[in-house]
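Participant: just need the structure, nothing else, for what follows:
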Amino acid sequence: MKKLKFSQGCFHLILIAVFFSHQVFADAELSAPQLVIKKTSTELKERIGMKAYQGNLTETMRIVEEVLRPHVDQHRISALALGKYWRTATPQQRADFEKEFKETMVRLYSTAYASYNDWSIDYMPSRLKADDKKVIVKIKVNRSGGQPVAISYRVVNQASGWKVYDIIIEGISLVTNYRNQFKGIIEDGGGKVQALIDHLAKKNRAAQKRINAPA
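Facilitator: Just a heads-up that it's a prediction; the model follows:
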């Protein structure tokens, strides 16, 4: 089986495309899930401004977490990424994993701003029906000097609104990619979910130490 793996540059492209893009459609032309992506990108751009480029990663991470929280189903993403091991994990392990996984993703989202460049987005036609609970939002990211990149968002309609629970880049799922990585770490740790939690916690603490270190 082919191992799915995102390069750092590809992951940055996903984030930049969502949060730092020219919006080429008027609100009236976009469906409700598409508007969620637009609203999120606009709010992040306005609130973060130049903070990311001034080296203030701690503040950038705080804003990213605050803005993304209402629009991402982190619980669903965590359960899907952990796969079969979610069923065997204790409630405390699930909570610990979700916390560490969320911190990992927020940090990656935040550091992506350092790679900002000029991108534009085309929204593909939406086939949203009134009773749809899940839908895939498709966009095309136009890059200067490069081929367009196809990105899709799996979103679910909940009582609190539409929320993203997976991102697919050129046919590769973010959730599947993480699930394959996590499976390997758990297997190397003797099949224990705690081994993965400890691994993520160690990486997060080391990353936070680097962020807090004097320049």
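
Participant: helix or strand right after whichever helix or strand residue 87 is part of?
Facilitator: Using DSSP states H and E, residue 87 sits in helix 85-88. Next along the chain after helix 85-88, taking DSSP H and E as the criterion, comes helix 91-111.

Participant: what comes up buried for that next one?
Facilitator: Of all the residues in helix 91-111, those buried under the rule 16 or more other CB atoms under 10 Å are 93-94, 96-111. Glycine gets a C-beta too; all of them are placed from N, C-alpha and C.

Participant: output it as PDB - backbone C-alpha positions only.
Facilitator: The C-alpha trace of helix 91-111 is given here as PDB (Å, rounded to 0.1, in the frame of the first residue of the first chain):
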ATOM      1  CA  PRO A  91     -11.800   8.500  28.200                       C
ATOM      2  CA  GLN A  92      -8.800  10.200  29.700                       C
ATOM      3  CA  GLN A  93      -6.500   9.000  26.900                       C
ATOM      4  CA  ARG A  94      -9.000  10.300  24.300                       C
ATOM      5  CA  ALA A  95      -9.000  13.700  26.100                       C
ATOM      6  CA  ASP A  96      -5.200  13.800  26.300                       C
ATOM      7  CA  PHE A  97      -4.800  12.700  22.700                       C
ATOM      8  CA  GLU A  98      -7.200  15.300  21.500                       C
ATOM      9  CA  LYS A  99      -5.400  18.000  23.500                       C
ATOM     10  CA  GLU A 100      -1.900  17.100  22.100                       C
ATOM     11  CA  PHE A 101      -3.200  16.600  18.600                       C
ATOM     12  CA  LYS A 102      -4.900  20.000  18.600                       C
ATOM     13  CA  GLU A 103      -1.800  21.700  19.900                       C
ATOM     14  CA  THR A 104       0.200  20.100  17.100                       C
ATOM     15  CA  MET A 105      -2.200  21.200  14.400                       C
ATOM     16  CA  VAL A 106      -2.500  24.800  15.800                       C
ATOM     17  CA  ARG A 107       1.300  25.100  15.800                       C
ATOM     18  CA  LEU A 108       1.600  23.900  12.200                       C
ATOM     19  CA  TYR A 109      -1.200  26.300  11.200                       C
ATOM     20  CA  SER A 110       0.600  29.200  12.900                       C
ATOM     21  CA  THR A 111       4.100  28.600  11.600                       C
END
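
Participant: start at 806 instead
Facilitator: Got it, the first residue is 806 from now on, which makes the last one we talked about helix 896-916.

Participant: what's the distance between it and the middle of its chain?
Facilitator: 11 Å (CA atoms, centre = their mean, to the nearest Å).

Participant: average pLDDT across that helix?
Facilitator: With pLDDT averaged residue by residue, helix 896-916 scores 92.

Participant: hmm, who's touching that helix?
Facilitator: 816, 820, 824, 857, 862, 865-866, 869-870, 873, 879-880, 882-884, 886-887, 891, 894, 983, 998-999, 1001-1002, 1005-1006, 1008-1009, 1012 (CB atoms under 8 Å, 6 or more residues apart in numbering).
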